Each structure stands twice: as structure tokens, then as C-alpha cells.
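K.L.:
Model the structure of this input:
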Amino acid sequence: MQKSSIYPFASALLLFIGLSLNSNAQLLLNEMIVNPPGTDDPFEFIELKGEPGSSINQLFLCVFEGDSASAGNCDLAIPLRNITLGSNGLLFVGSTLGYPNLPSATVKRDTLLFAVPGGYLENGNTTFALVFSTTNIIEDVDYDTNNDGVLDLPQGAVLMDAVGWTNGDQYAKIYGGVTLTQSAGTPDAAVRFFGNTTAFSKPAWYNGDLTDLTVFDQLEISDNFPVGGAVTPGNHNVPNNGVGFESIQNNVSSVYPNPASEFIQFTNVNEDADFTVLQPNGQVAMKGICKGSNSVKELANGAYYIVYNDNFGSTRLERLIIAH
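P.N.:
Numbers count the residues shown, from 1 in each chain. Model (predicted):
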């Protein structure tokens, strides 16, 4: 574990975006349908995923135009404020007219934008993005006036996660550095792999065309498409409609108990790996080794962040609650 690259990065991230005691840093794009079979309305949606129980504030769910003639135009800007995630950590942004039976644990941001005739989201050159900003992100504003492929966001705003795709336009702009591709065509839907919490990562996603609201067309999919891959609105993204979910779940790294009072332990982490607990301002509160139980009695009650490497080569930044 390279402390010099991991801990300064996490500290700088927390300081820069002023997270206070919320866990906006954990919120990620998780799943979306932009071109359902048949009529688009009211079946388009964008799903987000974060730490269960965390508070979301000063975030904007945005869609930026990628067409060369109007690259950077904000087609969609939905403010996400005063939202507390449920027990599954999922936030569904769409119309419950199309999805009336979402799990009760899933928080709904019900909007009729996704129920307009013909659909709201474009199917071509598009970037989906999460933006932290204390200043409003405004629809129909061009945030890339010089078309250089870099978003000119308001001062202090931070791009938290982004993913997009093109219809083959060589001059199209995709923001955030992640462009999804597939064997043919432009994606109808994209799904984040369960357990992958890496922002700005193409390998975190699989995608393809749809034959119905949950089933992908096996002739037009990404080259990393998993066996049993499916769209799962309001549910965890697991293959085969959840068959084998427990075995997948047991392979996900985590810190427990959380909230913690006396000790913390780790699952699916190398025992000789180290961890660091950070205060919300980025200062180091304690360090330790993932092996066995680690006492947290010295920490005052409150919210912290813990940084460690999992068994899958990813650096994890999670919110840790101490309650003695």
C-alpha cells in the first residue's frame, strides 16, 4: 500500500470539496436506461448509489450534450439536496409511473421529466455526470464554450463521477474521461458492476442494447458483459436477477460494525494491509493494520472517513460512524 499516494489524495479530496459530515464523496452513478424498447416514456431513469444512511447535499445530477455543434450544453440539471439514502444506498431518479414497484429501501426522486412523450434523454453523444457545487448548475447553459472537451464549471464546483458514450461522431465531446463502447450501436443502458465503487472508470461498467426493460441484446453489448447481466432498477446490480447474490455480497470488502463503539474489523482485505481514519477536515485521526480487531475507543463520537485497499486492488474511502 503506497501511503504517499493514497492518504494525501483522500485528505485533499475531503478538504477541497468541503464535505463536512455528509458522504457526497461516496455517491456514484450506478445504472441508467436512455433508450428503452418501444416508447421511451416513462421508462428512462438514472440510478445513483452511495453509503446507506448518508446525507446528500449540494450535488447535481447532470447530462451534458456531446454533439460537436453544441458540446457542453447542460441538457439536464437535477439538484440533489437534503436526501438521506435508505438501507440499500440507492437513489432512483425517474418516473414511478413506469416503475411503481420499486423496493421501499430505494429513495425515489420522482420527476415527470422522464415521462414526457418520446423521452427526455438523448441517445447519441452524451455525458452523465454528478457535480458537487454550491452554485446552481443551470440547464441550457453551455459549460464548454470553447469546445475543448473540458467542462467550465462554476468556481469551486467538482466533477464527482461521469460516464458517457458517442454515436461515432469524431468531433463529439465526452466529459470525465470515460467513454463506453460496445460491439455495435450506441448503448441503450449501462450498469455499474456490483461492488465496484471506483469513479471515472470504464471497467466499472457494462452496457449494451435492450430487448426489453431488463434484458440486453447479446449481439450488441460491451466486451466485458457478465453472464446474466441485466438492468435492475431500484435494486442492487447483480447478475441473473439476484441468483447467487449472497456469494457475490460475501466477496465485497467492508468495515464492520458501522457504527462502531469499541472495535472495527474488515472483510475481504489483506490482513497485512494498513488503514487510516481521517477526520472530516482531512486530518489523520488514527492508523492501524487490517488484521484482526482494531480498537477505536480513542476516537471521539462522530463521523470519520476510513481509507484502505481491498482485495481487488481498489482504494476504498468509506464513512465511519463512532458512537460509544
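K.L.:
quick one: contacts of stretch 202-211?
P.N.:
33, 35-37, 163, 165, 178-180, 182, 184-185, 187-193, 196, 198, 216-222, 224-226, 229, 231 (C-beta atoms under 8 Å, 6 or more residues apart in numbering). Where you see a C-beta, it was placed from the backbone N, CA and C, and this is true even at glycine.
K.L.:
Using ChimeraX, define a selection of the buried residues within those.
P.N.:
Selection of buried members from these for ChimeraX, criterion 16 or more other C-beta atoms under 10 Å:
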select :33,35,36,163,165,178,179,180,182,185,187,188,189,190,191,192,193,196,198,216,217,220,221,222,225,226,229,231
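K.L.:
In helices, which of the contacts of stretch 202-211 fall?
P.N.:
Applying DSSP state H to the contacts of stretch 202-211, no entry is found in helices.
K.L.:
Among the contacts of stretch 202-211, which ones are in strands?
P.N.:
33, 163, 165, 189-192, 216-221 (DSSP state E).
K.L.:
and of these, the nearest to V141?
P.N.:
Top of the list for closeness to V141, among the ones in strands among the contacts of stretch 202-211 and by C-beta to C-beta, is V163 at 21.1 Å.
K.L.:
In contact with the nearest residue to the closest one once chain neighbours are set aside, which residues?
P.N.:
Counting by C-beta to C-beta, 6 or more residues apart in numbering, V163 lies nearest to V178, which is 4.6 Å off, once chain neighbours are set aside. Contacts for V178 were tallied using C-beta under 8 Å, 6+ apart; they are 162-164, 200-202, 205.
K.L.:
In a markdown table, list those residues along with distance to L278.
P.N.:
Formatted as a markdown table, the contacts of V178 follow (distance: C-beta to C-beta, whole Å):
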| residue | distance to L278 |
| --- | --- |
| A162 | 25 |
| V163 | 27 |
| G164 | 31 |
| F200 | 21 |
| S201 | 22 |
| K202 | 28 |
| W205 | 28 |
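K.L.:
Just flag the most distant two among the residues you listed.
P.N.:
G164 and S201 (13.0 Å).
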